Structure formats: C-alpha cells, structure tokens
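[1] sharing a model prediction with you, sequence too.
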Amino acid sequence: MNIIVPIKQVPATEKVEIDEQTNNLKRSPVSKINNYDRFALESALRIANQLDDQVIAVTMGPQNADQVLGEAIGMGASQGILLSDRAFAGADTLATAYTLAKGIEKIDDIRLVVVGQQAEDADTGQVGPLIAKQLHLVQATYVSEIKNVQKDAIEIQRVMGQVDVDEVITYPALLTISDKFAKPRYILSSNIMSMKTNQIVTWHANDLAIDKNRIGVAGSPSVVRKILLPTGNQRRLQDISGDSNLQAAEIKTIIQESLGQKIW
C-alpha cells in the first residue's frame, strides 16, 4: 500500500521578501524542502519499512518544484508527483489543500497521508487538517512518536501543549508530524544518482477531477491586504524604580503613551 507525504518547496534563505504589488512571497531562485516536511518523511519511511509499503511524495508548485521531490527520493521515497499548472497559482491554504487532495485521490491503495506540522515560510499549520477534511480522513495532529505499527491501526503519541497523549488510529488516516519527532535521516546522494526518469511525474489541472472554481486565486477566499515587515530593532530598555505600586503606575503610563492614549 501507499503512504503519501505532501511536501512544500520553500526559499532557501532566512531573508523573506514580499512583492509590494501582490503581497505574495517572492520566490527565491534557491529553494529547498520545507524543514517540517522532513520529519513527515522520516516518520512515513519508518512506518513503510514495518509494513512493506512505499512512500510517495507529492508537491504543488512550478516546474522547478521537482527539486524537492528529488530530495524526498534522496531520503528514501519511492516516487514523486508534481502538481503543476498556472491555474494553481495564487492559492491560499484552502485552495492548496483542495488541489493536493485531488492529486492524492488519484493514487490507489492509500494507507496514510503524513504531513509536516506547518510550513516554515507561512507557519499556518492549516493545510494538513484541511486535506483530511477534503478526503474525509480521521486525523491526528502534532504526532511526536510512532509507538506501535500494525496492519490495520497505528498507535501514536501526540504533543498537546504540556501533555503527551497516546492514541490508536485506524487506517486510512492523516497524521501531522511534530518537529519533536526523531531527527530526519540525511539525503543520500546514491539515491539521487540512481533515480530513474519516471520516478517523478507531473500532473496538470486537466489530469485531475478538479473544480476549477476551487483552485488558484478563484478558489482562495482569504485575501492578504497588506504585509508589513518590522524595520530595525524596536525594543528599548528602561529602568523603573520605586515600590511595586509606583512601578505599576509607571508601566501603565508608558503603555498609554505608546498607544497615544490619554493618561489618567
């Protein structure tokens, strides 16, 4: 059976730039696999090894997003699928999850969908649960440990704030994997060097049973009006003396002044 891992191409830089006209992230010429997705791949490969399943990585993006599929194969995935079409551009998390779900639906014999907890360029954590909703799958989020793998169910541990919760989930299901999971394995150059041309395939919008009103900009109800980046270090240090009552009053005054409120 198949374990599907949706992954994302993100800029390979700590400097995020915003297009002032579109309010979208500017695509970096250098990219990499989203770091959180590496934990998802690691967990999927461990599960697949115990069940004799294969891991298939799926990503949505421009044609050069096949680079991250190569990285997934370098980690041990059997195949990569690229969902690429100009109609997919400008998608928010809902349209992205819908498109990925339609790609996943085309794959037979799915046991699990395993997703990273979030993307490091957007940090929403929404796509995984939205895919589960689209595919009508049971889901378990923030999985930190795989405790027991069986043919019909999997026992996992979830990080729920300060509490760890153990659960047993039956297949098919979707898991989002926490970065508290075991350290991901390295990419093996030997896997990339031996990669066959048919290990990465591309599907376009016309290859999917897709409602074109639910993809790209047309299928994205959320709109970014404006993005502001902080400029410089806006922190300042100020000593406040006196007893606790005087300190509280001084802090109150500072807050009101910073908000432009009348001091009372």
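    Happy to help now that I have it.
[2] where in the stretch 151-264 of the chain is pLDDT low?
    Filtered on pLDDT under 70, the stretch 151-264 of the chain yields the residue ranges 227-235, 260-264.
[3] all the helices of it, residue numbers only.
    189-193, 244-258 (DSSP state H, counting those that start in this stretch).
[4] which one of those lies nearest to residue 226?
    Among the helices of the stretch 151-264 of the chain, helix 244-258 comes nearest to residue 226, with 21.8 Å by CB to CB. (Each C-beta comes from the backbone N, C-alpha and C, glycine too.)
[5] how deep is the nearest residue to residue 219 once chain neighbours are set aside tucked in, by neighbour count?
    Leaving out its chain neighbours, the residue that sits closest to residue 219 by CB to CB, 6 or more residues apart in numbering is residue 95, at 3.8 Å. Counted with other CB atoms under 10 Å, residues neighbouring residue 95 total 23.
[6] same question, residue 141
    So residue 141, with other CB under 10 Å, has 18 neighbours.
[7] contacting residues for it?
    By CB atoms under 8 Å, 6 or more residues apart in numbering, residue 141 lies in contact with 117, 128, 129, 158, 175, 176.
[8] would you list the residues you listed in CSV and tack on neighbour count and distance to residue 104?
    Formatted as CSV, the contacts of residue 141 follow (neighbours: other CB atoms under 10 Å; distance: CB to CB, whole Å):
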residue, neighbour count, distance to residue 104
117, 22, 18
128, 28, 12
129, 17, 14
158, 19, 22
175, 28, 14
176, 25, 15
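[9] for the residue nearest to residue 219, helix, strand, or coil?
    helix (DSSP: H, G, I helix; E, B strand; the rest coil).
[10] looking at it, it is touching residue 214, isn't it?
    Yes - if you go by CB atoms under 8 Å, residue 95 and residue 214 touch, sitting 6.4 Å apart.
[11] buried stuff in the lengthiest helix in the chain?
    As assigned by DSSP state H, the longest helix anywhere in the chain is helix 35-51. For helix 35-51, the neighbour count (16 or more other CB atoms under 10 Å) marks 36-48, 51 as buried.
[12] and stretch 53-65, by the same measure?
    For stretch 53-65, by 16+ other CB under 10 Å, it's 53, 54, 55, 56, 57, 58, 59, 60, 61, 65.
[13] among those residues, which ones are in strands?
    Judged by DSSP state E, the buried residues of stretch 53-65 include 54, 55, 56, 57, 58, 59, 60 as members of strands.
[14] so who does residue 37 touch?
    In this structure, residue 37 makes contact with 5, 6, 7, 8, 115, 116, judged by CB under 8 Å, 6+ apart.
[15] right, I'll call it a day here.
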